[in-house]
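Student: sequence and predicted structure below; questions after.
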Amino acid sequence: MTALLLIIAVLAGCTYHAGARPASSAPPSPPPVGADLRSGRSDPVADPLYPGRGNADLDVLHYDLVLGWVPGTKLLTGAATLTVRAVRPVTALTLDFGHWYTVDAASVNGTTGTATLSPADKITVPATLAADATATLVVRYHGQPHEIRMPSSRPDATEGLGLRAERNGEAWTMQEPYGAFTWYPVNDIPSDKARYDLHVTVPAGWSAVAGGEFAGQAHGPAGDTFTWHGSYPQASYLTTLAIGHYARIDETGPHGVPVTIWTRSGTDDEIVEPLRQIPQMLGWLESRFGRYPFQSAGVVSVASTSAMETQEMVTLGGLIAQGAANRAAYLQEVILHELSHQWFGDAATPTDWRALWLNEGFATWIQFQWEIEHNRLTRKDWMASALKQDGDLRRRSGPPGAPHADAFAEPNVYTSAALLLQAIYDRIGDTAFLELLRDWAQQHRDANVDRAQFTAFVNQHTGQDLTTLINAWLDSPTTPPASLGGK
Ligand SMILES: [Zn+2]
């Protein structure tokens with residue numbers, strides 16, 4: 001997610017410098033089709049911050065979502081086919097799903113079942129499965145989407161979470177830390193990554209944009225069907241759906257990665273120019289953090305004031321910094337931040353929400369590194385400003401390693417966690433630090449990661465025991481001392 005509260009200094013009028021070209025050849029190959037289900041296998045764990053979401057007894061391997069959207073009535077129809085593995089023996093398949101939907105039919109392995117929806121936004125269909133057995137769950141449903149409240153007091157949290165329907169018939173999502181259950185039945189926790197295929201039918205003239213590779217648009221009697229194929233395992237909070245009147249621009253990223261830019265026709269023209277720099281930004285990121293971890297990249301603009309690192313298709317608020325004098329420069333930083341998450345957050349995803357700092361600390365540090373390398377900021381100024389804020393952030397929101405459940409994505413997990421990374425940088429030096437980040441991202445692709453893994457990795461990679469330094473920055477109620485990189 002973008003760090004709206006973190007605008008420190010942006011120098012207007014700077015020249016954009018393209019990063020060094022990566023030394024690379026062929027694009028990454030997606031896992032072969034037969035491997036789709038195996039690559040969706042995860043080890044789900046209950047989320048301590050948001051225990052009401054998700055089911056650690058189930059591991060969804062694949063979602064095939066056939067959706068229809070009627071802009072005039074805001075009616076969503078869905079046929080969701082889920083391939084589900086039982087982690088432990090179960091007598092029912094219970095997943096997250098909006099209680100307000102009407103379930104028209106449900107089946108398990110072709111046998112009709114009775115679906116029950118609870119006010120806690122859970123759908124349950126009876127099914128007896130042994131440990132490690134898989135089943136095909138089909139749920140057909142319809143209804144109008146509802147937003148849900150974000151567990152936060154951030155200014156952009158007023159938009160809510162989930163699929164939002166606009167008065168003009170557009171629809172779009174923001175769903176961190178959860179909210180995919182507002183449009184499809186889902187195991188809505190970050191530790192259950194799965195493969196996705198989406199087929200969304202909208203009236204002629206409308207477009208439906210989602211994450212993954214754009215696999216084509218077909219005309220039919222019900223409208224136009226847009227098909228999207230997720231090339232890699234994906235956490236539910238990183239899925240996106242945006243429906244509207246879109247203009248599409250095709251670009252090519254490093255080593256031929258297709259980049260598609262979808263902006264709302266006539267509404268977001270001002271943001272097109274910064275978006276056209278995505279290929280250069282991907283090149284800059286690749287040259288430092290290794291190969292772009294997915295098959296395709298893109299951005300879709302929506303009627304939001306926020307931005308989200310949705311996998312293979314960033315969701316960018318077209319309302320961000322409207323009217324600001326240096327809007328283009330700020331948008332570049334937001335886009336760079338969200339693109340960096342493709343490595344740090346999307347490919348390597350926190351096991352649970354206590355480790356949001358593993359996403360935002362990295363994206364924040366990388367965003368500032370990009371600004372420093374582009375002469376928009378000096379490291380000294382950034383550190384002075386960040387250290388000045390750090391004490392207040394810890395006092396107000398707690399240390400970044402122990403975020404409050406009702407204060408999701410506060411600036412402590414951005415700035416204070418970025419200062420942890422800067423402390424490691426100061427300890428081991430520029431070259432070793434960039435190699436550490438690159439190897440962390442590349443060695444944990446398509447996986448979930450937590451604090452213990454990070455600490456062990458840092459200690460092993462650096463050959464030093466940095467446990468005390470890491471724990472101090474993650475746990476201390478005050479800024480760590482100068483001996484640990486603080487003040
Ligand atoms: Zn972020």
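Tutor: Cool, got the structure.

Student: now for the residue of the stretch 301-450 of the chain found nearest the ion: which residues touch it?
Tutor: Here the stretch 301-450 of the chain gets closest to the ion at one residue, Ala363, 4.2 Å apart by Cβ to the ion. Quick note: C-beta positions are derived from backbone N, CA and C, even for glycine. By Cβ atoms under 8 Å, 6 or more residues apart in numbering, Ala363 lies in contact with 3, 309, 337-338, 340-341, 344-345, 414.

Student: which stretch of helix or strand covers it?
Tutor: Secondary structure assigned from DSSP states H and E places Ala363 in helix 357-373.

Student: what residues does the helix or strand just after that helix touch?
Tutor: For helix 357-373, the succeeding helix or strand toward the C-terminus, using DSSP H and E, is helix 379-397. Applying Cβ under 8 Å, 6+ apart, the contact partners of helix 379-397 are 8-9, 368, 371-372, 403-404, 407, 410-412, 415-416, 418-419, 422, 476-479, 486-487.

Student: do the same with stretch 158-168
Tutor: Outside stretch 158-168, the residues that touch it by Cβ under 8 Å, 6+ apart are 71, 74, 76, 98, 144-150, 171-176, 178-183, 241, 303-306.

Student: go through those and flag which are in helices.
Tutor: Among the contacts of stretch 158-168, the subset assigned to helices under DSSP state H is empty.

Student: and those, which are buried?
Tutor: 71, 74, 76, 98, 145-148, 150, 171-176, 178-183, 241, 303-306 (16 or more other Cβ atoms under 10 Å).

Student: distance of Pro481 from Leu469?
Tutor: Relative to Leu469, Pro481 is positioned 11 Å away (Cβ to Cβ, to the nearest Å).

Student: which of the two has more neighbours?
Tutor: Taking other Cβ atoms under 10 Å, Pro481 and Leu469 do not tie; Leu469 has more neighbours (22 against 11).

Student: in which helix or strand would I find the more buried one?
Tutor: Leu469 is part of helix 467-475 when elements are defined by DSSP H and E.

Student: so which elements touch that helix?
Tutor: Secondary-structure packing of helix 467-475 (3 or more Cβ pairs under 8 Å, 6 or more residues apart in numbering; DSSP states H and E): helix 415-428, helix 451-462.

Student: tell me what the helix or strand that comes right after the longest one is packed against?
Tutor: I take that to be helix 415-428. Using DSSP H and E, the helix or strand that follows helix 415-428 towards the C-terminus is helix 430-443. Where contact means 3+ Cβ pairs under 8 Å, 6+ apart, helix 430-443 is packed against helix 278-289, helix 415-428, helix 451-462.

Student: rerun at 6 Å
Tutor: Here helix 430-443 touches helix 278-289, going by 3 or more Cβ pairs under 6 Å, 6 or more residues apart in numbering; DSSP states H and E.

Student: and the helix it packs on, what other elements does it pack with?
Tutor: Helix 278-289 packs on helix 327-341, helix 430-443, going by 3+ Cβ pairs under 6 Å, 6+ apart.

Student: for the longest one, which outside residues touch it?
Tutor: By Cβ atoms under 6 Å, 6 or more residues apart in numbering, the residues outside helix 327-341 that reach it are 2, 10, 12, 271, 274, 281, 285, 307, 309, 314, 321, 363, 366-367, 370.

Student: of those, buried ones?
Tutor: 2, 10, 271, 274, 281, 285, 307, 309, 314, 321, 363, 366-367, 370.

Student: interface residues of the chain facing the ion?
Tutor: For the chain, the residues in contact with the ion (Cβ under 5 Å from the ion) are 1, 360, 363.

Student: got those residues as TSV, with distance to Ile428 columns?
Tutor: Shown next, in TSV, are the residues of the chain next to the ion (distance: Cβ to Cβ, whole Å):
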residue	distance to Ile428
Met1	28
Glu360	22
Ala363	20
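
Student: I'd like those residues written out as JSON lines, with pLDDT added.
Tutor: Formatted as JSON lines, those follow (pLDDT from 0 to 100):
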{"residue": "Met1", "pLDDT": "84"}
{"residue": "Glu360", "pLDDT": "98"}
{"residue": "Ala363", "pLDDT": "98"}
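
Student: could you single out the nearest of those to Val45?
Tutor: Glu360 (20.4 Å; Cβ to Cβ).

Student: quick one, domains of this structure?
Tutor: 4-27+347-484, 37-244 (automatic domain parsing).

Student: so which of these gets nearest His255?
Tutor: domain 4-27+347-484 (4.7 Å).

Student: just the buried members of the contacts of helix 379-397?
Tutor: Among the contacts of helix 379-397, those classed as buried by 16+ other Cβ under 10 Å are 8, 368, 371, 403, 407, 410-412, 415-416, 418-419, 422, 476, 479, 486.

Student: all strands of the stretch 201-350 of the chain, in order?
Tutor: For the stretch 201-350 of the chain, the strands defined by DSSP state E, counting those that start in this stretch cover 207-210, 213-220, 223-229, 241-244, 246-252, 258-264, 297-302, 307-308, 314-317, 348-350.
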